[in-house]
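Trainee: I need the structure of the sequence given here:
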Amino acid sequence: MRSGGSTPPPRAASEGPPRGARRAVTLAFLANGLSVASFLVRVPDVRDMLGLREATLGLVLSGLAVGVVLGLLVSGAVAARLGSRRLTFIGAVASVVLLPLTGLAPNPVLLVVLLIAIGIGGSTMDVGMNAQGVGVERAYGRSIMLGFHGAWSVGALLAASIGSAAMGAGVSVGAHLAGISVVLAILMVIAAPNLNVEDRVAAPTGPRFALPRGPLLPLALIAFAAALGEATVSDWSGIHLADELRVEPGQVGWGFVASTAAMTVIRLTGDRIVRRVGAERVVVTGGALATAGYLTVALSDLLPLTLVGFAAVGGGLGVTVPLVFAAAGSRADSPGAGVAAVATVGYFAFVIGPPVVGVVADLVGLRVSFGLVAVVIGALTLRRHPQLAPVRLEGAAERP
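Mentor: Coordinates of the predicted model:
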């Protein structure tokens, strides 16, 4: 929580105007979305390459989530000292180097090790770029965080579309991810000069590892629900379409595409809605939509209706994490530490989600897993969330 307001809010350095910083943060989000989704859309191919059962696949994928949580713990501890700009670059370099190697892993053990390392790098970049986004949003004096996450969704949508096309054309996972890695490097080189929000704290106080307390804890639980919903779509939508609906290979990624497309639309347009009706109402409405979406997927045998359900999940949850991160970052002396504290609990869903969904799917079917996810989302989002109320910042000037 904010400790008396003694630390000034992060600001963009004079050498980079806010609009330049906004474009740079947008590119960082785009690169991060492209990186994460490019691997996830090839999960069915990875499963077949290594001959994994659903329960085993869930355990393997949890390596990515373990790395994410480890990265969040470390990032939260060092965010105030290093600053979010350095965290963004450290995570980006790790993604560029490690992503192609996941397509070459010869066995599940090595793949788990790689996924842990990628998770650490990805969450480090996640904390850094979100904290940069909080600083730019403060400079603008109005809600623009959804737009940044909209860029992430654009990257994920591009990744899903490219990945689906690569699967249909028989392109190997390794070759596909190597090409994506080159694109990531180019995007970050372009963004580098204007990633200049300065948010280092000279003498940070508090715990070494960031954990949510006070008003940050309810925010973390909302983030947990949203992360569980997003992780389930990412990891299991392709398996559901392939095994339950028996779609063609080129259609396996359509569930992820539908979810990501809806998420992209709401994030690119949602800042206006937030300014009109408030973050709390937007999050509750989104939770209801996502709950209904998962119930639709669980009950439907028709591909079009199933895709509508996945789209409802993406559109409903697309607003949640950006608004929670913006609220958390505005309530901490170090925005990076605030984001990391909430994300540490929220992203724990990526650790327990894949194996739990996989075990339940093995026992009683994937449809039941989707129903249970719907229950969790509804329980944690369909209530009042006063912690999402904006923190007014002195001296914030509104810019177009």
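Trainee: what bits of this structure have low per-residue confidence?
Mentor: 1-17, 199-211, 213, 331-334, 336, 389-400 (pLDDT under 70).
Trainee: all helices for the stretch 1-150 of the chain, in order.
Mentor: 18-40, 43-50, 54-82, 84-98, 108-140, 145-169 (DSSP state H, counting those that start in this stretch).
Trainee: which other helices and strands contact the shortest one?
Mentor: For helix 43-50, the elements it packs on are helix 54-82, helix 108-140, helix 173-191, helix 216-243, judged by 3 or more C-beta pairs under 8 Å, 6 or more residues apart in numbering; DSSP states H and E. Using the backbone N, CA and C atoms, a C-beta is placed for each residue, glycine as well.
Trainee: next one: the fourth one
Mentor: Here helix 84-98 touches helix 18-40, helix 54-82, helix 108-140, helix 173-191, strand 197-198, helix 335-346, going by 3+ C-beta pairs under 8 Å, 6+ apart.
Trainee: one more time with 6 Å
Mentor: Using 3 or more C-beta pairs under 6 Å, 6 or more residues apart in numbering; DSSP states H and E, the elements in contact with helix 84-98 are helix 108-140, helix 173-191.
Trainee: got the buried residues for that helix?
Mentor: Neighbour-count burial for helix 84-98 flags 84-96, 98 (criterion: 16 or more other C-beta atoms under 10 Å).
Trainee: of those residues, closest to Thr260?
Mentor: Nearest to Thr260 out of those is Ser95 (C-beta to C-beta; 18.3 Å).
Trainee: Surely that closest one and Leu34 touch.
Mentor: No - Ser95 is not in contact with Leu34 according to C-beta atoms under 6 Å; the separation is 9.3 Å.
Trainee: For the buried residues of helix 84-98, give me a markdown table that also has distance to Val308.
Mentor: Output for the buried residues of helix 84-98, formatted as a markdown table (distance: C-beta to C-beta, whole Å):
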| residue | distance to Val308 |
| --- | --- |
| Ser84 | 38 |
| Arg85 | 41 |
| Arg86 | 43 |
| Leu87 | 38 |
| Thr88 | 36 |
| Phe89 | 40 |
| Ile90 | 40 |
| Gly91 | 34 |
| Ala92 | 35 |
| Val93 | 39 |
| Ala94 | 37 |
| Ser95 | 32 |
| Val96 | 36 |
| Leu98 | 35 |
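Trainee: what's the closest of those to Ala279?
Mentor: The closest of those, once distances to Ala279 are taken by C-beta to C-beta, is Ser84, at 21.8 Å.
Trainee: What is the burial count for Gly51?
Mentor: Other residues lying near Gly51 total 8 when counted by other C-beta atoms under 10 Å.
Trainee: ok, it to Ala105 distance?
Mentor: Distance, Gly51 to Ala105, using C-beta to C-beta, to the nearest Å: 13 Å.
Trainee: With Val368 instead?
Mentor: As judged by C-beta to C-beta, Val368 and Ala105 stand 30 Å apart.
Trainee: These two: which has the busier surroundings?
Mentor: Ala105 (20 against 14).
Trainee: List the residues that contact the more buried one.
Mentor: 111, 114 (C-beta atoms under 6 Å, 6 or more residues apart in numbering).
Trainee: repeat that for 8 Å
Mentor: Contact analysis of Ala105 by C-beta atoms under 8 Å, 6 or more residues apart in numbering lists 50, 111, 114.
Trainee: surely the last one meets Gly103?
Mentor: No - taking contacts as C-beta atoms under 8 Å, Leu114 lies outside contact range of Gly103: 9.7 Å.
Trainee: rewinding a little: spell out which residues are contacts of both of Ser95 and Leu34.
Mentor: Contacts common to Ser95 and Leu34, judged by C-beta under 8 Å, 6+ apart, are Leu184.
Trainee: circling back: what's the closest of the helices of the stretch 1-150 of the chain to Val345?
Mentor: Using C-beta to C-beta, the helices of the stretch 1-150 of the chain put helix 54-82 closest to Val345, at 9.1 Å.
Trainee: just how off-centre is the closest one within its chain?
Mentor: Chain-centre distance of helix 54-82: 12 Å, with C-alpha atoms, centre = their mean, to the nearest Å.
Trainee: Buried residues of it, list them for me.
Mentor: Buried residues in helix 54-82, defined by neighbour count with 16+ other C-beta under 10 Å: 54-80, 82.
Trainee: quick one: the strands in the stretch 251-400 of the chain?
Mentor: With strands called from DSSP state E, counting those that start in this stretch, the stretch 251-400 of the chain shows none.
Trainee: And the helices in it?
Mentor: 254-277, 279-299, 303-317, 320-329, 335-346, 349-364, 366-381.
Trainee: returning to that earlier point: please report which of the contacts of Ala105 has the highest neighbour count.
Mentor: Leu111 leads the contacts of Ala105 on contacts (other C-beta under 10 Å) with 23 neighbours.
Trainee: Next up, phi/psi of the residue lying closest to it once chain neighbours are set aside, please.
Mentor: Nearest non-adjacent residue to Leu111, counting by C-beta to C-beta, 6 or more residues apart in numbering: Ala105, 3.8 Å away. Backbone torsions of Ala105, given as degrees, to the nearest 10, read phi -60, psi 130.
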